[in-house]
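[1] predicted model and sequence follow; I will ask about them next.
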Amino acid sequence: MANFVLANSGHNRDDEASKFGMWLFLFTELLLFGGLFLVYTIYRYLNSEAFLHASYELDVIMGTINTVVLLTSSLTVALSITAIQKGNVKLSLWLITATILFALTFLVIKYFEWSAKFEHGLFPGMDHYNHLEPAEKMFFFLYFFMTGLHGLHVVIGGALLGYIMWDIKKKEVTPQNYVFLENGGLYWHLVDIIWIFLFPLFYLIH
Amino acid sequence: MANKNTSRHLPGDPEVHHIIPYKFHIGIWVGLIILTVMTVLVSVMGISLVAFSVITALIIASAKAVVVANYFMHLKYENKLITWLMGVTMLLFVVFIAFTAFDYITR
Amino acid sequence: MSEALSQPVNFFQAKKGLFSWIFSTDHKRIGLLYFYAIISFFLVAMALGFLMRLELIAPGETIMDAKTYNQVFTLHGVIMIFLFLIPSVPAFFGNFFLPIMIGTDDVAFPKVNLMSWWLYVLGGIFALLTLVVGDGPADTGWTFYAPYSVKTGTNVTLAVLAAFILGFSSILTGLNFIVTIHRLRAPGMGWFKMPLFSWALYATAWIQLLATPIIGITLLMIVAERVFGVGLFDPALGGDPILYQHLFWIYSHPAVYIMVLPAMGLISEMIPTFAKRTIFGYKAIAYSSLAIAFIGYFVWGHHMFTSGMSGPARVIFSILTFLVAVPSAIKVFNWVATLYKGSIDVKTPLLYSMAFIFQFLIGGLTGLVIGALATDIHLHDTYFVVGHFHYVMFGGAGFAFFGALHYWFPKIWGKMYNERVSKIAFTLMFIGFNFLYFPMLILGIMGMPRRYYDYLEDFTTLNVISTVGSWVLIAGILLMIINLIRSNKTGEVATRNPWGGTTLEWQTPSPPPVHNFDATPVVPEGSPYDHKMNKTG
Ligand code: HEM
Ligand SMILES: [Cu+2]
């Protein structure tokens, strides 16, 4: 006897469910960073002077450039969805490529920022760092931890978009079925949103 | 057998896929850049509208986040449920911070 | 539904071989994979509990030294919490029955479901690795309190990573259930036609989703601390250990509802079936699940009354704690009201449910005692707390788990268990349990502190009683397991609906076919627990 299958099977395609699932996942990401923002808030409240002082070590110009880079990458990935919706697969691929390039730009700039800090010995365990007062140590630790975790998300998001490009090439993602790209986009925007908060909280405590 | 060609549709789902025009997205992007410039200026030059530049910075950042969510992430065109749930998530986050901060403020 | 319908291939027979299991995306198989892993871990942690009780049979060093004892209770706690109780009901019963009970053939994301099982296995391996490498298992207690957890030489990093991975697995399960419930209910299965177990899972899933990330990041901070030694939570270096406690309990208090809410859902299934009566206050039970999940986020501070939190904060957390008791009590009243004037059929699952109500009541009321500021000062970190949480987690959630194991045994394995033996096993467990833990409540009031391998002479008698109780309990558990294994081999073949249940899982053959149903399930018109309808069918 052939197996009976229900009409409302969990194995049917359901774009709304996929997007809903992605949003739920983003909630967890927000709260993951939320825990760090909580620690940041409390220690900044307890040590506002030291945080202010330490924040002068960060480079506002680099931070601003990186903010613009990420915002622009958010734009390109949003445009790539419009493009695929309109059936323009080629343009969509180009826009995703641009997004990934922006992601790399962001990482390169971050790399320079971090190496500058390393040269100043500001990474936990290094010379200069060890001579800081405790609250300033806390600032730098949080800076490295939060931007590091964010950077990891940039890498994952970029890789995800690369994978989606592959799927577009294989025609798994098409103008009729592009929810995977939408989800990749959602993830990418989340990375952007987190940075939107990291930027003023670390670079702009003036 | 399982259906892969069309997506399931339930009551409450958005009727059609909303296509946001290219130009509109670009307009949003310009707005976000302006907000970024504002927040940098407020901080570096100290031209804050209110006394606390932290609060100004956070208001601007939240505005940017809402814009990104609503338009780039299409939240505005999705099932309202997601917006509500996002609200609950944010509420919890605020509670976590507020209750913890309350302990420190009253110590 | 008649048995005459030709029996389709059931999900056990569909495919054979190890790989057809460990790479299966069938929610029933994944549920069972979870079950076998969970029950093995339970037995390991039970053995550790047995050893601890043996150590405590007499004052002084009996069978292990202080450090070993610290490591044993930590591993016991970590396994019981993260590897047994948190996944137990959702990941096993939830996976197996949620799709069937809402009339669909799988969860929304079957592959993610498989991935969450693999993460669970990985987390379990990490936890067990702490036994064999380096300086042995962590000795911090399952709470990993800083700064000690940053300084001790034992394997905290591995243990914490295990908890992190298990948290991720739990998040994915919760996410899957939320989407499944929103998107995949059968036609006609409105929100208030859902069985209460699905409601409980739904509320739980929101806690899994929104509380777990906080512990995830907190545990990562502990790892970073151990690597870089910044002193984030070390007062000697300008950090604040109380902040760690906030972060830990922001998750871990809601987590106790991850443990008990689904168990309450099981009770809401078993009681109407064996009282042959529709559940009393369906909506009140459904809403109280959501209320518990929600209010549960606001009370974490009651674990920190003696740790140096501010006075006003303590008062507020204490008041809020009393609020959570309200929805829990609503449930208890409704269960009792359901039994009232029912035609009660005393089968083993019902006995477990009764034990649940009794023990959960003790657990809940002792919870209020330590939720009150003044009494907690005296009772904090004493055996009263150990008694309290075992009453809730084991006497409550654990007993519900074993009850449901009997309730759904025929459905899952297609055989009836031996009723007489199972009742003997239950009786041993019930008596053993109360002899094991009730003395702890008294010991706590007398002032015996928890987490020590030693105690004053005065406490000896009650400790001996408690240890003997642990033997009876463990004998009961082993008998129960042997009985179930034997029944699976030699038991009578189960019909579709041996108990006269009304929810959808009873409309399908036992064990269910691969796609869960052999005909479109009939969603009841009114309440999901309408026993009048069943009389004719
Ligand atoms: C099977 C029989 C069990 C026995 C004999 C037992 C016994 C014990 C003992 C003696 C302690 C240590 C108390 C102390 O020194 O402070 C303990 C702690 C604990 N038990 Fe159990 N237990 C059992 C089952 C369970 C179950 C089913 C759970 C949860 C589902 C559980 C969860 C815990 C937790 C969380 C701790 C605290 C560990 C810590 O202090 O970090 N136990 N148990
Ligand atoms: Cu609690």
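    Right, received. Where do you want to start? Ligands and ions are numbered 1, 2, ... in the order given.
[2] show me where pLDDT drops low in chain A?
    A:1-3 (pLDDT under 70).
[3] so which residue of it comes closest to chain C?
    The nearest approach of chain A to chain C comes at residue A:134, 2.8 Å away (C-beta to the nearest C-beta). To be clear about C-beta, it is placed using only N, CA and C from the backbone, and glycine gets the same treatment.
[4] for the residue nearest to that residue when sequence neighbours are not counted, grab the count of nearby residues.
    The shortest distance from residue A:134 to any non-neighbouring residue, by C-beta to C-beta, 6 or more residues apart in numbering or on different chains, is to residue C:238 (2.8 Å). Each residue near residue C:238 was counted by other C-beta atoms under 10 Å in any protein chain shown, and the total is 19.
[5] and residue A:149, by the same measure?
    Residues lying near residue A:149 (other C-beta under 10 Å) number 17.
[6] what helix or strand is it on?
    Assigned by DSSP states H and E, residue A:149 belongs to helix A:134-169.
[7] quick check, whatever helix or strand comes next after that helix touching chain B?
    Per DSSP H and E, the first helix or strand lying C-terminal to helix A:134-169 is helix A:179-203. Yes: interface with chain B: helix A:179-203 contributes A:179, A:182, A:185-186, A:189, A:192-193, A:196-197, A:199-201, A:203 (C-beta under 8 Å from any C-beta of the partner chain).
[8] where's residue C:157 relative to residue A:174, distance?
    As judged by C-beta to C-beta, to the nearest Å, residue C:157 and residue A:174 stand 45 Å apart.
[9] with adjacent residues omitted, what lies nearest to residue A:202?
    Leaving aside its sequence neighbours, residue A:202 sits nearest to residue A:143 (C-beta to C-beta, 6+ apart; 5.6 Å).
[10] pLDDT below threshold where in the stretch 1-150 of chain C?
    Across the stretch 1-150 of chain C (using pLDDT under 70), the flagged ranges come out as C:1-7.
[11] ok so, going back, what packs against the helix holding residue A:149?
    Packing partners of helix A:134-169 (3 or more C-beta pairs under 8 Å, 6 or more residues apart in numbering or on different chains; DSSP states H and E): helix A:15-46, helix A:48-55, helix A:89-119, helix A:179-203, helix C:196-228.
[12] could you check the angle that helix makes with helix A:48-55?
    Going by axes from the mean of the first three to the mean of the last three C-alpha atoms, to 10 degrees, helix A:134-169 is angled at 50 degrees with respect to helix A:48-55.
[13] of all the residues in helix A:134-169, which ones are buried?
    Of all the residues in helix A:134-169, those buried under the rule 16 or more other C-beta atoms under 10 Å in any protein chain shown are A:134-147, A:149-151, A:153-154, A:157-158, A:160-162, A:164-165, A:167-168.
[14] to what extent is residue 10 buried, counted in neighbours?
    No chain was given, so I picked chain A. Look at residue A:10: counted by other C-beta under 10 Å, it has 26 neighbours.
[15] could you do chain C instead?
    Number of residues near residue C:10 (other C-beta under 10 Å) recorded here: 16.
[16] write out the residues of chain B neighbouring chain C.
    Contacts of chain B with chain C, taken as C-beta under 8 Å from any C-beta, map to B:8, B:10, B:81, B:88-89, B:92, B:95-96, B:99-100, B:102-107.
[17] most surrounded residue in these?
    residue B:96 (25 neighbours).
[18] show me the contacts for that residue.
    Residue B:96 makes contact with A:34, A:38, C:214, C:250, C:297 under the criterion C-beta atoms under 8 Å, 6 or more residues apart in numbering or on different chains.
[19] and the residue nearest to residue C:427 when sequence neighbours are not counted, how far from residue A:79?
    The shortest distance from residue C:427 to any non-neighbouring residue, by C-beta to C-beta, 6+ apart, is to residue C:476 (7.4 Å). From residue C:476 across to residue A:79, the span is 65 Å (C-beta to C-beta).
[20] the two: who's more crowded?
    Taking other C-beta under 10 Å, residue C:476 and residue A:79 do not tie; residue A:79 has more neighbours (24 against 21).
[21] does the more buried one really touch residue B:24, like I thought?
    No: if you go by C-beta atoms under 8 Å, residue A:79 and residue B:24 don't touch, sitting 10.2 Å apart.
[22] give me the neighbour count for residue A:19.
    Neighbourhood size, residue A:19 [other C-beta under 10 Å]: 20.
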